[in-house]
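In: From the sequence below, what's the structure:
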Amino acid sequence: MLGDVRLILFIAQRDLSRFWRYKYWLAGQVAMNLADILIFGLIFRGIVNPVLIPDYIKFITPGILSLSIFISSFSIGREVGIELRREVTLYLVSLPVKRTVLAIGRIVSGVLRGLIYQFGFLLFAVIILGMPCLTRWLYILYTSLLLATVMASLSISLSTVTRDFNLQATIRSLMYNILFFVSNIFYPETVVKARLGFASPIVNYSPLSMATSIYRWSFGYIENIDLAYNALGLLAWTIVIFILAYKLYIRNLVG
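Out: Numbering: from 1, shown residues only. Alright, predicted model coming up:
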């Protein structure tokens, strides 16, 4: 058991060291996330009705915490997809490592990428929104851990569902945009209802919306949320997507 844990951590460490090689990509992502806060915040601060959003910078900052995990944890799927197309998986199955360990190790890699990448944005959120109490920090930790697991697992699932690169890229892009825009990250509930009408409740089922709502509550931006719904909903997403990613990854190692 301890040996398996050590191997999982070794695989995660290997993937994490590879993550830091993408310096320019990482720099671009950090700049984009900061731009989301500063540019969107400054522009929309004077445009958005203050009755709906009193301060857009404070409104969007918790959403950027969700986006930071989304972007960084999602990156593990791209590497898994490349390994699959180049048949590196044949080499992986020849290693003296259980396939279960390989699968869990890749998901843990994505989780660690998300948590480490998000850390700087958490400090930024403290500066903008203030320091949460210990209880709310526990909710932040819970949310970040589950959201990173969902995004890493989802990314691996999308990258292993097919070996066709074009189809794989299309599915990933489609899912990326759905998750990005069908959420409450950029818009309050009233705007979502005005734009989507009867279909607006679908936004509440998004794991990004659930995480963003918990972050907003944890940092005191809003107080009235259904905490149990969002926390348990995120847990349900985590269990389902984790199992899906595990089975798809193992299937490709076998096939």
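In: For the stretch 151-255 of the chain, which segments count as helices?
Out: 165-181, 189-196, 207-218, 227-254 (DSSP state H, counting those that start in this stretch).
In: most tightly surrounded among the ones you listed?
Out: Ranked by mean neighbour count, these are led by helix 207-218 with a mean of 26 (mean count of other CB atoms under 10 Å). Any C-beta I mention is one placed from the backbone N, CA and C, and that applies to glycine too.
In: Now that helix: average pLDDT?
Out: The predicted model gives helix 207-218 an average pLDDT of 95.
In: can you list the helices of the stretch 151-255 of the chain in TSV and add distance to residue 152?
Out: Output for the helices of the stretch 151-255 of the chain, formatted as TSV (distance: least, CB to CB, whole Å):
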stretch	distance to residue 152
helix 165-181	13
helix 189-196	27
helix 207-218	12
helix 227-254	8
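In: Looking at those, which is nearest to residue 105?
Out: Ranking the helices of the stretch 151-255 of the chain by proximity to residue 105 (CB to CB) places helix 227-254 first, at 10.1 Å.
In: For the closest one, give the mean pLDDT please.
Out: For helix 227-254, mean pLDDT rounds to 92.
In: what helices or strands is it leaning on?
Out: Under the contact criterion of 3 or more CB pairs under 8 Å, 6 or more residues apart in numbering; DSSP states H and E, helix 227-254 touches helix 88-94, helix 99-129, helix 134-160, helix 207-218.
In: and of the helices of the stretch 151-255 of the chain, who's closest to residue 131?
Out: helix 207-218 (10.8 Å).
In: So which residues make contact with the closest one?
Out: 59, 62-63, 65-67, 69-70, 125, 132, 136-137, 139-140, 143-144, 146-147, 150-151, 179, 183-185, 203-204, 222-223, 225, 227, 229-231, 233-234, 237 (CB atoms under 8 Å, 6 or more residues apart in numbering).
In: Please report how far residue 57 lies from residue 221.
Out: 11 Å (CB to CB, to the nearest Å).
In: Show me the shaky parts of the stretch 1-150 of the chain.
Out: For the stretch 1-150 of the chain, applying pLDDT under 70 flags the ranges 36-37, 40-49, 51.
In: try 80
Out: The stretch 1-150 of the chain contains residues with pLDDT under 80 at 1-3, 19-54, 85-87, 89-90, 92-93.
In: if we can go back for a sec, give me the buried subset of the contacts of helix 207-218.
Out: Taking 16 or more other CB atoms under 10 Å as the criterion, what is buried in these is 59, 62-63, 65-67, 69-70, 125, 132, 136, 139-140, 143-144, 146-147, 150-151, 179, 183-185, 203-204, 230-231, 233-234, 237.
In: What are the neighbouring residues in contact with the residue nearest in space to the middle of the chain?
Out: For the chain, the residue nearest the mean C-alpha position is residue 70 (2.6 Å; CA atoms, centre = their mean). Taking CB under 8 Å, 6+ apart as the criterion, residue 70 is in contact with 114, 147, 151, 179, 180, 208.
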